[in-house]
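Asks: What shape does this take:
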Amino acid sequence: MNQTPKILIAIGVLAVAGVAADRFTRPVSNGMEACRRYVNDARRTCYAQLLSDRLTKHGLADAVATLDAITHADADAAEHAHEYAHGMGIEAYGLSPDIQATFAACGDGYSSGCRHGVIQAYFESRDAVTQPEVEALCRPFKSATASRWVLFQCVHGMGHGLTMYRGHDLPRALGDCDLLTDGWDRESCYGGAFMESVINATTPHHPATMLAAHGHHMAMATFKAMDPADPLYPCSIMADRYLHACYQMQTSVMLNLNHGDMADAARSCERAPAQVRPVCFQSLGRDITSYTARDPQKSADMCDKAREPYRPACYFGAAKALVDWTATTESAFTFCHIVAAQPGGPTCYQALGEEIATLLATTPEREEQCLRAQEPQAVDACRRGAGIPPSR
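Replies: This is a model prediction of the structure:
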């Protein structure tokens, strides 16, 4: 069995950025200050090396705390935090194959990028993938009394990892996801596979992309990830069972092709098959939160580019993304309060309720969160999304 490459392979050696190694023997604050003397890729390489150094010398929890400090001090670093987190997860698995312990140290931040990196590194270390192994990987996170949040990150990460394992041959990776017997698990795995395909095609310096390029499952597939002539591709060639997961990511393809034109992406979503058109607009809402640095007011304003009847779907996707970034609900509640008076505003609270149901295991916990919506219609929508039985 091959060893997982360290993150230094994924991010490039220090010499690429011209950064002296002794900078990183200093305390974190000095290391951050040293990195900020650089710009663009050099600064990102510097931060990644600082994180790798903290991880190796002080452990994953310390590296996560260091990333928190970096993102609070540097807005550009905050926009790339998910990538840094992926890189830390990749390296952490190379240091310890204990997935449960590493997941705990990763924490919930940055859309759980660290946890996804752990699973990617796990699959990169494999020489074969079997159905029993795929079924067993995330089983430790399944419990009738636990929330499905961490389980989702594991199964979603599996989609990322399987896509890398298959050399970014997306149809083969989706076939591996089909080995999962649970429908919720399969759908979560599909989502990770489509996300990894997009990331690999659009972000060549992403740690996972670099890991794949240097790993023993090097990309040799002929599958085309994007088609400039068709903004609905690859969804336009997918079997029906994959369409929901595909269109949940499709606006990331569109925005890469059209250089960030939200209005054009909205028009492309209107050309999607009718049954998945709202899903495409949910994807737009998710991407909008990235373009606005997760600012609730700016995200609400940008969702206005989605015309009726699809604007509520944009709210739906944005609300979910705001929860996903930190595994907390504060920003999403702020966003939903802003759009509450708009047509379809309650849809935002339903999406928030669905996220609450994934985050929290018990009905009383979910109820307590939904009551923060305050207005009766909003509370009802949140409770409906959270799966709370209607009160009699």
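Asks: Contacts for stretch 189-202 next, please.
Replies: Stretch 189-202 has contacts (Cβ atoms under 8 Å, 6 or more residues apart in numbering) with 116, 120, 155-164, 168, 170, 173-174, 176-177, 180, 206, 208-209, 212, 219, 225-226, 234, 242, 244-246, 248-249, 252-253, 256. (C-beta placed from N, C-alpha, C; glycine too.)
Asks: what about 6 Å?
Replies: Here stretch 189-202 makes contact (Cβ atoms under 6 Å, 6 or more residues apart in numbering) with 155-160, 163, 168, 170, 173-174, 177, 180, 206, 209, 225-226, 242, 245-246, 248-249, 252-253, 256.
Asks: Who are the packing partners of the helix or strand that contains Y110?
Replies: Using DSSP states H and E, Y110 sits in helix 109-124. For helix 109-124, the packing partners by 3 or more Cβ pairs under 6 Å, 6 or more residues apart in numbering; DSSP states H and E come out as helix 81-95, helix 99-106, helix 149-165, helix 311-326.
Asks: quick one: buried residues of stretch 317-331?
Replies: By neighbour count with 16 or more other Cβ atoms under 10 Å, stretch 317-331 contains the buried residues 317-327, 329, 331.
Asks: what does stretch 284-303 give?
Replies: Across stretch 284-303, burial judged by 16+ other Cβ under 10 Å covers 284-290, 292, 294-296, 299-300, 302-303.
Asks: Could you tell me which of those belong to helices?
Replies: L284, G285, R286, D287, I288, T289, S290, P296, S299, A300, M302, C303 (DSSP state H).
Asks: The stretch 251-392 of the chain: helices as residue ranges?
Replies: Secondary structure of the stretch 251-392 of the chain (DSSP state H, counting those that start in this stretch): helices at 262-269, 277-291, 296-303, 311-326, 330-339, 345-359, 363-370, 376-385.
Asks: Any idea how many residues pack against A77?
Replies: 21 (other Cβ atoms under 10 Å).
Asks: The chain should start at 25 in everything you say after this.
Replies: From this message on, residue numbering opens at 25, which makes the last subject A101.
Asks: can you tell me how far it sits from V174?
Replies: Counting by Cβ to Cβ, to the nearest Å, the separation of A101 from V174 is 25 Å.
Asks: before we move on, the earlier item: so which of the buried residues of stretch 341-355 is the closest to E391?
Replies: Taking Cβ to Cβ as the measure, E391 sits nearest to T353 out of the buried residues of stretch 341-355, at 13.4 Å.
Asks: for that closest one, what are its contacts?
Replies: Counting by Cβ under 6 Å, 6+ apart, T353 touches V347.
Asks: What score does it have for pLDDT?
Replies: pLDDT for T353: 97.
Asks: Repeat that for M242.
Replies: pLDDT, read off for M242, is 55.
Asks: How about A34?
Replies: 34.
Asks: just checking, next helix/strand downstream of the helix or strand hosting R67?
Replies: In this assignment (DSSP H and E), R67 forms part of helix 64-82. Sequence order places helix 84-97 as the next helix or strand after helix 64-82, per DSSP H and E.
Asks: now that next one: mean pLDDT?
Replies: For helix 84-97, mean pLDDT is 95.
Asks: got the angle for it vs helix 105-119?
Replies: Angle, helix 84-97 to helix 105-119, by axes from the mean of the first three to the mean of the last three Cα atoms, to 10 degrees: 170 degrees.
Asks: Can you give me the buried ones in helix 84-97?
Replies: Under 16+ other Cβ under 10 Å, the buried positions of helix 84-97 are L84, A87, V88, T90, L91, I94, T95.
Asks: Stretch 170-182 now?
Replies: Per 16+ other Cβ under 10 Å, stretch 170-182 contains these buried residues: S171, R172, W173, V174, L175, F176, Q177, C178, V179, H180, G181, M182.
Asks: And the helix holding R67, what's buried?
Replies: So for helix 64-82, counting by 16+ other Cβ under 10 Å, buried means 67-80.
Asks: which residue sits closest to E378, ignoring its sequence neighbours?
Replies: G409 (4.3 Å; Cβ to Cβ, 6 or more residues apart in numbering).
Asks: How about the contacts made by the closest residue to Q306 other than its chain neighbours?
Replies: Leaving out its chain neighbours, the residue that sits closest to Q306 by Cβ to Cβ, 6+ apart is G341, at 3.3 Å. Neighbouring residues of G341 by Cβ under 6 Å, 6+ apart: Q306, G309, R310.
Asks: rerun that using 10 Å as the cut-off
Replies: Residues counted as contacts of G341 (Cβ atoms under 10 Å, 6 or more residues apart in numbering) are 272, 275, 302-313, 323, 327, 330, 372, 375.
Asks: what number of residues lie near the residue nearest to P252 when sequence neighbours are not counted?
Replies: Once flanking residues are discounted, P252 sits nearest to L281: 5.7 Å by Cβ to Cβ, 6+ apart. Look at L281: counted by other Cβ under 10 Å, it has 19 neighbours.
Asks: Show the pLDDT at L281.
Replies: 97.
Asks: Run through this protein and note the low-pLDDT ranges.
Replies: Counting by pLDDT under 70, the ranges of the chain that qualify are 25-51, 228-245, 415-416.
Asks: Grab the most central residue of it for me.
Replies: Closest to where the C-alpha atoms of the chain average out (Cα atoms, centre = their mean) is S135, at 4.8 Å.
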